[in-house]
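In: build me a model from this:
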Amino acid sequence: MPYVSALPRQLVETAVERTVREHGPVALQYGSGQGMPRLREQILEVMALEGIRGSVDDVVVTTGSQHALELMAKLFLDPGDVVIAEGPSYVTAITVFKSFQAEIVHVEMDEGGLVPEALRATIVRLREAGRRIKLLYTVPSFHNPMGVTLSWQRRMEVLEIARDAGILVLEDNPYGLLYFDQAPPQAMRSIEEDGVVYLGTFSKTLAPGLRVGWALAPHAIREKLVLANEAAVLSPSSFSQHVISEYLDTADWRGQIDTFRGVYRERRDAMLAALAEHLPGLRWTVPNGGFYVWLRLPEQLDSKAMLPRAVKELVAYTPGTAFYADGGGRDAMRLSFCYPTPDFIREGVRRLAAVISGELTLLNEFAQTQPLPAHPERQSVLPPNVG
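Out: This next block holds a predicted model:
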């Protein structure tokens, strides 16, 4: 969860008060299925920070970017279609794609994000098998769950591969503005308009409770997104849109994003220092933004099986298996540093290290145990064919 307490309450209260006072009857009424024109103009200003240029007509406001993801799946996916996604990938995206009976095929990632050569080979393999690929889903900046960022060169390679293969790219970018030391490369949508649908949200840079996100799509797709949006929710919340629009008009929202960066940087640093102190023998990613660290366990450990014992010690994580559609990720886990205070992060890593150490000790003890000898009396009463 984002640390919304870093958002001064007065900023939100002012936006709410102005909305009620100046726009009450409109804000409390049904709205457009595409979203408020003024907010869509402001969304263009937000996206411009990542190099994106677009038309206000091609922005569709949704009930969080999660809703935009579902609308895209509803429009494009038929049973048996393939969605290519990074491995690991955002857990709820996997759930959405599966709900439309699509198959998720993962592509290898490394410290630099999605590997273009692996993407190219995966497309060839699927096409040779006669499979129909509909979408490439990617979180290129401060990836969920790995925290890594796709380089500019790789972004161009991935776009070229998708363009040559005729595959639509779904660029999900909730964390792109939450960088720490250096801004990520510009969005993929900044250099490819027709082949990319861009998903954004105010959940991470303002507040998730307002439930406002958006999609920036090519014109033909935008028309269908609006119809799908109206069919699903009639219209996204007019009140939430007005509140966000007032906030963007009256508050120093860029300065507030910078405040969030400082909060999350401090917490990232606390987590990395605690991992180095308590789990020096393991490997993890070093994110330059976002919310997450991806921790690799010794290969004999299973993060999903270990979770109940961790919860018993009052520390929790998300097992790596949640981020794979094919059962992978048992030797990994996602650690979130966004919400806990630095002190809680340090204590959490200490407890996690104790749980991991206990698991390794238990496995080593069992590995050194000899098989129990067969009981002679019981052995004599077994039928001959029982081994």
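In: enumerate the positions of stretch 344-362 that are buried.
Out: 345-346, 348-349, 351-353, 355-356, 359 (16 or more other CB atoms under 10 Å). (C-beta placed from N, C-alpha, C; glycine too.)
In: and for stretch 276-286?
Out: Within stretch 276-286, the residues that qualify as buried are 278-279, 284-285, counting by 16+ other CB under 10 Å.
In: narrow the buried residues of stretch 344-362 to those in helices?
Out: Using DSSP state H, the subset of these located in helices is 345-346, 348-349, 351-353, 355-356, 359.
In: of those residues, the lowest pLDDT goes to which?
Out: The lowest pLDDT within these belongs to E359, with 93.
In: moving C-terminal of the longest strand seen in the chain, what's the next helix or strand?
Out: In the chain, with assignment by DSSP state E, the single longest strand is strand 103-110. Proceeding N to C from strand 103-110, the next assigned helix or strand is strand 113-114, under DSSP states H and E.
In: tell me what whichever helix or strand comes after that following strand is packed against?
Out: The C-terminal neighbour of strand 113-114 among helices and strands, as given by DSSP H and E, is helix 116-128. With contacts taken as 3 or more CB pairs under 8 Å, 6 or more residues apart in numbering; DSSP states H and E, helix 116-128 sits against strand 82-87, strand 103-110, strand 133-138, helix 152-165.
In: report all helices and strands that whichever helix or strand comes after the first one contacts.
Out: I take that to be strand 82-87. Elements were assigned by DSSP H and E; along the chain past strand 82-87, the next helix or strand is helix 91-99. Here helix 91-99 is seen to pack against helix 65-76, strand 82-87, strand 103-110 when contacts are counted using 3+ CB pairs under 8 Å, 6+ apart.
In: let's have the buried residues of stretch 344-362 in TSV, adding distance to P319.
Out: Shown next, in TSV, are the buried residues of stretch 344-362 (distance: CB to CB, whole Å):
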residue	distance to P319
I345	19
R346	22
G348	16
V349	17
R351	16
L352	13
A353	17
V355	13
I356	13
E359	13
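In: and those residues, which is closest to A316?
Out: Among the buried residues of stretch 344-362, G348 lies closest to A316 (CB to CB), at 8.3 Å.
In: give the contact list for that closest one.
Out: Going by CB atoms under 8 Å, 6 or more residues apart in numbering, G348 touches 274, 315, 340.
In: out of those, the closest to T138 would be?
Out: When the contacts of G348 are compared against T138 (criterion: CB to CB), the nearest one is P340, at 27.9 Å.
In: which of the buried residues of stretch 344-362 lies closest to P218?
Out: So of these, ranked by how close each gets to P218 (CB to CB), first place is I345, at 41.8 Å.
In: any idea which element the closest residue to the closest one other than its chain neighbours lies in?
Out: Residue nearest to I345 in three dimensions, not counting chain neighbours: A270, with 4.6 Å by CB to CB, 6 or more residues apart in numbering. Assigned by DSSP H and E, A270 belongs to helix 253-278.
In: near the residue lying closest to S99 once chain neighbours are set aside, how many other residues are there?
Out: If the residues on either side of it in the chain are set aside, S99 comes closest to A73, at 7.5 Å by CB to CB, 6+ apart. When neighbours are defined as other CB atoms under 10 Å, A73 has 22 of them.
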